[in-house]
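Enquirer: Here you go, sequence then predicted model.
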Protein chains: 2
Amino acid sequence: MASRYEIRFAGSGGQGVILAAVVAGEAAALFEEGLSVVQTQSYGPEARGGKSKAEVVIATESIDYPKAMKPNLQVILTQQAAEEYAAETLPGGRIIYDDFFVTSFPQVDANVYYLPIVRTAREKIGKEIVTNMVALGAVARVLELEKIVRPDSVKKAILAKVPEGTKQLNSQAFDEGYLLFKNSVHL
Amino acid sequence: MASRYEIRFAGSGGQGVILAAVVAGEAAALFEEGLSVVQTQSYGPEARGGKSKAEVVIATESIDYPKAMKPNLQVILTQQAAEEYAAETLPGGRIIYDDFFVTSFPQVDANVYYLPIVRTAREKIGKEIVTNMVALGAVARVLELEKIVRPDSVKKAILAKVPEGTKQLNSQAFDEGYLLFKNSVHL
């Protein structure tokens, strides 16, 4: 991996992007070797618009500046987030859009993946509440390709975090998200 | 309030300090007016010792440096965290210790509150898993005294965050923690 890798999840309040970011951070920090991680939520005075944003910075050295400056990977789950954040992606980086809530997106110098994240949660798993775990599955595939975090580490972090009684559901959602990226993206 | 107020929750993995910090941050950002909030988890390469730490910075202006430098308030739930973090408290600030897991603490220029947080969760509520909500209740009383966040805003943030079916339990734990501080501390 590069010495610093920035991930941003952006969506709306109920989509669980904070938990997704917490889990991604813990996967890197607790289940991989030698990585430093900072996971952040920032809210300005305008925070009450129902938007939700969470970031993870993973580095092989200690992290001086904990906020994402030019995210290597953005997961964007609403149209509003697409308009607000897509342009900040690192040139040549990656954006995963949800294909249900994001209907158009700006032209950006990035690799764009337009995936049925919400629809997979809603239709295949039957619980929209696991949207964040489907998104995490897709992210896990990217982090595997980037050789930063192993999918199994993300799965372990999920199982360590979610409540008893929901582990199977969350695990299944993660697997679906992983396959969504793996099967639709040939690099 | 002062223009910047820093809170740190420190404990061990299963104590839910991240959720406590997320909720405290959302209470300030979403249910109060005009505050900026950054909520952070930082993990170094030594993260796998089972320690858990989460911070909230609340400010009336935009936040340049998002990590806690000298926390105004620390909530410390393990002996290890007491030894590691107590000395960083802002001089004249506040430390809430759990009286079950913290058995001795260093002398620090701070107001110290030694409260049965874990025991309240375990014995009064009957669920140690709500330790973090009891702690949040105590924090809410401090934030009320500091005129930063109203207890009702914290309660709203809890109810917006925790899963259906656990709202009453979490709410009750919060109330107990609030009263724990209110009834034992006379300022």
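Expert: Nice, I can see it. Predicted model only: the values in this text are computed from it and were never measured. Numbering: from 1, shown residues only, chains lettered A, B, ... in the order given.
Enquirer: if I look at the residue of chain A positioned farthest from its centre, how far off is chain B?
Expert: Distance from the C-alpha centroid of chain A peaks at residue A:45, with 24.2 Å (Cα atoms, centre = their mean). Shown here: residue A:45 relative to chain B, a distance of 5 Å by Cβ to the nearest Cβ, to the nearest Å. Just so you know, the C-beta spots here come from the backbone N, C-alpha and C atoms, and that holds for glycine as well.
Enquirer: Let me know how buried the closest residue to that residue other than its chain neighbours is, in neighbour terms.
Expert: Of all residues beyond its chain neighbours, the one nearest residue A:45 is residue B:34 (5.2 Å), with distances taken as Cβ to Cβ, 6 or more residues apart in numbering or on different chains. Residue neighbour count, defined by other Cβ atoms under 10 Å in any protein chain shown, stands at 8 for residue B:34.
Enquirer: Read off the pLDDT value for residue B:34.
Expert: Residue B:34 is assigned a pLDDT of 93 by the prediction.
Enquirer: Quick check: it is in a helix.
Expert: No - judged by DSSP: H, G, I helix; E, B strand; the rest coil, residue B:34 forms no part of a helix; its state is coil.
Enquirer: quick one: it and residue B:58 touch, right?
Expert: No - here residue B:34 does not reach residue B:58: they are 10.9 Å apart, not a contact under Cβ atoms under 8 Å.
Enquirer: what kind of secondary structure is residue A:52 in?
Expert: On the three-state scheme (three-state DSSP), residue A:52 is labelled strand.
Enquirer: Over to residue A:169?
Expert: Assigned with three-state DSSP, residue A:169 falls in the helix class.
Enquirer: I'd like to know how far it sits from residue A:183.
Expert: 21 Å (Cβ to Cβ, to the nearest Å).
Enquirer: same deal with residue A:59?
Expert: With the distance defined as Cβ to Cβ, residue A:59 ends up 30 Å from residue A:183.
Enquirer: Repeat that for residue A:19.
Expert: 25 Å.
Enquirer: So if I had to pick from these two, which one is more boxed in?
Expert: Per other Cβ under 10 Å, whichever of residue A:19 and residue A:183 has more neighbours is residue A:19, with 22 against 9.
Enquirer: Where does the spatially closest residue to that one that is not a sequence neighbour sit, in terms of helix or strand?
Expert: In this structure, residue A:19 finds its nearest non-sequential neighbour in residue A:132, 5.6 Å apart by Cβ to Cβ, 6+ apart. Counting by DSSP states H and E, the element that carries residue A:132 is helix A:131-145.
Enquirer: can you pull the buried residues of that helix?
Expert: By 16 or more other Cβ atoms under 10 Å in any protein chain shown, the buried positions in helix A:131-145 come out as A:131-144.
Enquirer: Let me have these in TSV, extended by pLDDT and distance to residue A:77.
Expert: Formatted as TSV, the entries for these read as follows, by pLDDT from 0 to 100; distance: Cβ to Cβ, whole Å:
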residue	pLDDT	distance to residue A:77
A:131	98	7
A:132	98	9
A:133	98	13
A:134	98	10
A:135	98	7
A:136	98	12
A:137	98	14
A:138	98	11
A:139	98	12
A:140	98	16
A:141	98	17
A:142	98	16
A:143	98	18
A:144	97	21
